[in-house]
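Trainee: Here is a sequence together with a model predicted from it:
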Amino acid sequence: MRLLLIHSDHIEYEAKKKTKFAEEPCSPSDSFDESLVAFCAVEAPDEDGIEDVVAQAVASIEEMSGQTKCRRVMVYPYAHLSSDLASPDLAVEALKAMETALGGAGFEVKRAPFGWYKSFTVSCKGHPLSELSRTLTPSEDVVKVEKSPVTHKFFVMTPDGSIRDCKEYVDDSPFGCLVKKETGIPVPAGGEPIHVDLMRSKEFVDYEPVSDVGHLRWMPRGKLVRDLLADYALAMVLEHGASPVETPVMYDLADKAIYEHADKFGERQYRFKSGNRNMMLRFAACFGMFTIMRNMHISPNNLPMKMYELSTYSFRHEQKGEVIGLKRLRAFTMPDMHSLCKDMTDALQCFEEQLAMGWKTGEDFGTKLVAVFRCTEEFYKNNEAWIKKIVAQSKVPILIETLSDRVHYWIAKIDLAAIDGQQRPIENPTVQIDVESSKRFGIKYHLNDGTEVFPPILHCSPTGSVERVFCAILENTANQKVAHLPTWLAPTQVRVIPVAERHGAVTEKIAATLTAARIRADYDDREESVGKKVREAGMDWVPYVVVIGDSEAESGNLTVTVRMKSEPNKPFKITCTMDELIKTVQDEIADKPYRPMYTQKRLSMQPRYI
């Protein structure tokens with residue numbers, strides 16, 4: 001609690017406008033002569049020992065009263081003293097407790113109402129003892145007594161349902177790296193992740209020096225990859241019955257449900273003032289989707305109902321020292337789907353479908369994913385057979401973490417992760433069973449007998465944030481013989497290189513034919529040697545490179561270097577016709593999203609961004 005005490009000649013206030021947290025009934029105005037004014041802000045950490053904090057506040061007031069001989073107190077809620085406020089319910093509880101305790105100690109007490117915008121005037125006496133400020137926190141002894149620790153247990157479940165000790169999997173495999181990180185086994189610190197150099201050197205993404213840290217600028221090549229990943233996520237959720245929506249990026253903390261949901265995530269938020277309103281920038285699409293749901297007429301016949309948003313952007317005020325590259329950002333793009341389910345049986349079925357979506361993304365992105373499933377001990381006890389089922393469906397061992405009690409809004413979740421070049425997980429897809437938010441936001445339906453049901457909600461990001469997906473893809477290039485992106489994500493899928501100026505017209509025509517076939521093709525018309533052009537095509541990770549000389553121009557047979565089949569210093573070449581090349585590329589990208597090139601088709605017209 002933040003406490004500011006003023007020994008005043010006079011204090012008066014008038015309640016002007018109520019917030020959604022407004023305390024009623026209340027005195028619309030009041031005043032006090034010759035009093036101690038106790039401006040109070042109840043903070044989130046006070047929840048660990050609110051009675052102790054209230055006792056400390058009363059003791060501080062009694063101390064100042066003894067020095068000033070003043071026995072009148074105005075308890076005045078003043079949220080502006082802190083940026084880490086407790087829930088409104090707890091704040092009112094604390095202020096009422098202060099009022100009662102002070103009254104019981106013989107003080108004449110008045111309390112200004114909570115949750116109102118108020119005008120006030122206060123006249124401070126101005127003597128050396130007339131002002132006092134305190135920061136009060138629950139004592140360690142109280143916290144230890146009142147807050148029972150949540151215990152965590154880890155083990156590995158194999159696809160055949162066996163339970164194994166985590167120690168059996170502590171190695172340098174991707175799954176072993178996940179087990180080490182989650183169970184607290186130290187991993188040697190590496191240098192800068194390899195994707196940071198790649199994202200800049202390949203002109204995908206760069207830091208933005210005139211923004212906050214963790215906010216990036218995307219060059220055309222990177223913007224194309226980012227948009228394709230977004231298209232991929234949209235196509236996937238549409239196939240599974242989701243309806244796209246779009247919601248605001250900022251929300252009013254005066255809404256009780258918004259405030260309480262935001263408060264679950266602690267201090268890592270962007271909060272700011274808009275006029276006299278306390279606002280926050282979203283860290284996920286939950287806020288907007290939940291407010292849509294609570295305003296809907298929901299019938300059990302419509303469930304499960306799935307909403308999807310590509311939240312561009314979501315914001316998390318990560319610690320500055322943790323922000324790096326694409327792995328941890330303060331502004332990121334999250335494909336976010338929420339499924340309002342009829343009941344827990346419905347939720348478990350949706351969970352299975354959405355977990356399968358997550359595993360599929362690893363295949364399509366070329367990144368090996370590993371998994372940790374987390375749940376409460378009670379959930380595990382009641383659903384052990386189902387957990388064995390999803391591990392069997394996944395066909396790989398999964399790390400299981402059980403919690404002695406629920407500490408989040410979810411009772412079960414699964415996180416899929418890729419492993420970076422430093423042997424650390426990059427969290428990507430997730431599915432979570434939320435049993436708290438429907439009640440908080442008033443999302444409900446009615447049974448035939450009128451019974452209210454607050455159903456479970458699934459949170460799902462089928463890919464994880466777009467930035468982290470790209471991070472994982474770039475990090476994975478370290479495991480490839482020749483670094484490359486999946487062809488459907490390559491900014492240039494085919495590059496055509498003329499041997500001499502006389503081959504320029506043929507080269508341009510070939511590029512145009514490929515473009516008409518919905519293949520991203522450019523051609524290198526610069527006055528450089530063929531060798532340099534071929535090397536730079538390799539540096540750009542172009543999947544297919546076609547060199548056009550006299551033979552190719554006359555015969556129509558193309559000599560093509562296939563990057564994904566090449567080895568270091570051993571290019572893999574094929575000879576094919578134009579139709580065969582088109583079919584090869586189209587077969588490779590057939591079921592994936594397509595966008596045209598974001599850069600000029602002539603390399604002589606392409607600028608350098610970095």
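Mentor: Done, it's in. Model, not experiment: these values are computed from the prediction. Residues are numbered from 1 along each chain as shown.

Trainee: which residues of the stretch 51-200 of the chain fall in helices?
Mentor: 88-104, 140-146, 174-182, 194-201 (DSSP state H, counting those that start in this stretch).

Trainee: Tabulate those helices in TSV, adding columns for mean pLDDT.
Mentor: Shown next, in TSV, are those (pLDDT from 0 to 100):
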stretch	mean pLDDT
helix 88-104	92
helix 140-146	58
helix 174-182	95
helix 194-201	96
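
Trainee: Which of these has the highest mean neighbour count?
Mentor: Comparing the helices of the stretch 51-200 of the chain by mean neighbour count (mean count of other Cβ atoms under 10 Å), helix 174-182 comes out on top with a mean of 21. Where you see a C-beta, it was placed from the backbone N, CA and C, and this is true even at glycine.

Trainee: want to throw the helices of the stretch 51-200 of the chain into CSV with distance to residue 33?
Mentor: As requested, the helices of the stretch 51-200 of the chain are exported to CSV (distance: least, Cβ to Cβ, whole Å):
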stretch, distance to residue 33
helix 88-104, 17
helix 140-146, 36
helix 174-182, 61
helix 194-201, 64
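
Trainee: Tell me which of the ones you listed lies nearest to residue 337.
Mentor: Closest to residue 337 of those is helix 174-182 (Cβ to Cβ; 23.9 Å).

Trainee: How far away from the center of its chain is that closest one?
Mentor: Computed by Cα atoms, centre = their mean, to the nearest Å, the chain-centroid distance of helix 174-182 equals 21 Å.

Trainee: and that helix, what does it pack onto?
Mentor: strand 152-157, strand 370-376, strand 398-403, strand 410-419, strand 425-434 (3 or more Cβ pairs under 8 Å, 6 or more residues apart in numbering; DSSP states H and E).

Trainee: Deepest in the core, which of those strands is it.
Mentor: Highest mean neighbour count among those (mean count of other Cβ under 10 Å): strand 410-419, a mean of 25.

Trainee: what sits against residue 226?
Mentor: Counting by Cβ atoms under 8 Å, 6 or more residues apart in numbering, residue 226 makes contact with 218, 333, 466, 467, 470.

Trainee: Which element, helix or strand, includes it?
Mentor: helix 220-239 (DSSP states H and E).

Trainee: now that helix and helix 194-201, what's the angle there?
Mentor: Per axes from the mean of the first three to the mean of the last three Cα atoms, to 10 degrees, the angle that helix 220-239 makes with helix 194-201 is 120 degrees.

Trainee: What residues of the helix or strand following helix 220-239 count as buried?
Mentor: Using DSSP H and E, the helix or strand that follows helix 220-239 in sequence is strand 242-244. For strand 242-244, the neighbour count (16 or more other Cβ atoms under 10 Å) marks residue 242 as buried.

Trainee: average pLDDT for strand 242-244?
Mentor: In this model, strand 242-244 carries a mean pLDDT of 97.

Trainee: how close does residue 537 get to residue 528?
Mentor: 11 Å (Cβ to Cβ, to the nearest Å).

Trainee: Looking at those two, which has the bigger crowd around it?
Mentor: residue 537 (25 against 15; other Cβ atoms under 10 Å).

Trainee: got the phi/psi numbers for that one?
Mentor: Main-chain dihedrals, residue 537, degrees, to the nearest 10: phi -60, psi -40.

Trainee: of all the helices of the stretch 51-200 of the chain, which lies closest to residue 4?
Mentor: The nearest among these, by Cβ to Cβ, is helix 88-104 at 13.7 Å.

Trainee: Against residue 458, how distant is residue 334?
Mentor: 15 Å.

Trainee: And for residue 369?
Mentor: Here the criterion is Cβ to Cβ. By it, residue 369 lies 19 Å from residue 458.

Trainee: So for the two, which sits in the more crowded spot?
Mentor: residue 369 (27 against 24).

Trainee: which ones are touching the closest residue to the more buried one other than its chain neighbours?
Mentor: Using Cβ to Cβ, 6 or more residues apart in numbering and skipping the chain neighbours, the partner closest in space to residue 369 is residue 362 (3.7 Å). When contacts are counted by Cβ under 8 Å, 6+ apart, residue 362 touches 368, 369, 416, 418, 428.

Trainee: Pipe those into TSV and attach distance to residue 483 and pLDDT per row.
Mentor: Converted to TSV, the contacts of residue 362 look like this (distance: Cβ to Cβ, whole Å; pLDDT from 0 to 100):
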residue	distance to residue 483	pLDDT
368	16	94
369	20	97
416	23	98
418	16	96
428	20	93
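
Trainee: Can you tell me which of those is closest to residue 152?
Mentor: Closest to residue 152, out of all of the contacts of residue 362 and judged by Cβ to Cβ, is residue 416, at 19.6 Å.

Trainee: roughly how far apart are the closest one and residue 336?
Mentor: In terms of Cβ to Cβ, residue 416 sits 16 Å off from residue 336.

Trainee: Excluding chain neighbours, what is closest to residue 111?
Mentor: Nearest to residue 111 is residue 75, by Cβ to Cβ, 6+ apart, at 4.3 Å.

Trainee: residues touching the one you found, list them.
Mentor: 38, 40, 95, 98, 99, 102, 109, 110, 111, 112.

Trainee: longest single helix anywhere in this structure?
Mentor: What stands out as the longest helix in the chain, according to DSSP state H, is helix 344-365.

Trainee: Let me know the angle separating that helix from strand 370-376.
Mentor: Using the same axes, to 10 degrees: helix 344-365 against strand 370-376 is 160 degrees.

Trainee: quick one: average pLDDT of helix 344-365?
Mentor: The model assigns helix 344-365 a mean pLDDT of 97.

Trainee: How about stretch 42-59?
Mentor: Stretch 42-59 comes out at a mean pLDDT of 90.
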